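Asks: No sequence on hand, only this structure:
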């Protein structure tokens with residue numbers, strides 16, 4: 001399953017769809033020129049237990065690295081992943 005992104009000047013999301021149905025979505029909002037806040041991650045019915053939420057947060061980490069951004073993970077799920085995965089510390093907002 002492919003992670004896709006929708007991005008505007010103010011906010012955006014990463015999502016995974018299958019057969020036209022959104023299985024998982026993670027939303028973010030920009031906080032200044034070089035930082036964004038992950039505020040919500042949701043895995044819908046049919047997507048549970050497949051690691052989709054982690055794939056979405058990982059896509060956000062890669063996006064931040066590419067753009068030179070930092071991430072403030074306010075979403076409890078995203079925060080728990082950042083706490084468990086030290087390799088993502090380079091993009092975590094201080």
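Replies: Great, that's in hand. On a predicted model such as this, the values are computed, not experimentally measured, just so you know.
Asks: Doesn't residue 65 lie inside a strand?
Replies: No: if the criterion is DSSP: H, G, I helix; E, B strand; the rest coil, then residue 65 is helix and not within a strand.
Asks: and it, what is it in contact with?
Replies: For residue 65, the contact set (Cβ atoms under 8 Å, 6 or more residues apart in numbering) comprises 90-91. C-beta here means a position set from N, CA and C on the backbone, and glycine is covered the same way.
Asks: Where do the strands of this structure begin and end?
Replies: 3-7, 11-18, 21-30, 35-43, 70-73 (DSSP state E).
Asks: so can I have JSON lines of those strands showing mean neighbour count and distance to residue 79?
Replies: Putting the strands of the chain into JSON lines (neighbours: other Cβ atoms under 10 Å; distance: least, Cβ to Cβ, whole Å) gives the following:
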{"stretch": "strand 3-7", "mean neighbour count": "14", "distance to residue 79": "19"}
{"stretch": "strand 11-18", "mean neighbour count": "18", "distance to residue 79": "16"}
{"stretch": "strand 21-30", "mean neighbour count": "19", "distance to residue 79": "12"}
{"stretch": "strand 35-43", "mean neighbour count": "20", "distance to residue 79": "8"}
{"stretch": "strand 70-73", "mean neighbour count": "20", "distance to residue 79": "4"}
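Asks: Mean pLDDT and distance to residue 88 for these - can I get that in CSV?
Replies: Compiled in CSV, the strands of the chain are given as follows (pLDDT from 0 to 100; distance: least, Cβ to Cβ, whole Å):
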stretch, mean pLDDT, distance to residue 88
strand 3-7, 98, 16
strand 11-18, 97, 15
strand 21-30, 97, 14
strand 35-43, 98, 11
strand 70-73, 98, 8
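Asks: right, and those - which one's nearest residue 90?
Replies: With Cβ to Cβ as the measure, strand 70-73 is the member of these nearest residue 90 (8.7 Å).
Asks: about what we covered before: put together TSV for the strands of the chain, with distance to residue 93 on each row.
Replies: Converted to TSV, the strands of the chain look like this (distance: least, Cβ to Cβ, whole Å):
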stretch	distance to residue 93
strand 3-7	18
strand 11-18	16
strand 21-30	12
strand 35-43	5
strand 70-73	4
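Asks: out of the ones you listed, nearest to residue 49?
Replies: For these, proximity to residue 49 was assessed by Cβ to Cβ; strand 35-43 is nearest, at 8.7 Å.
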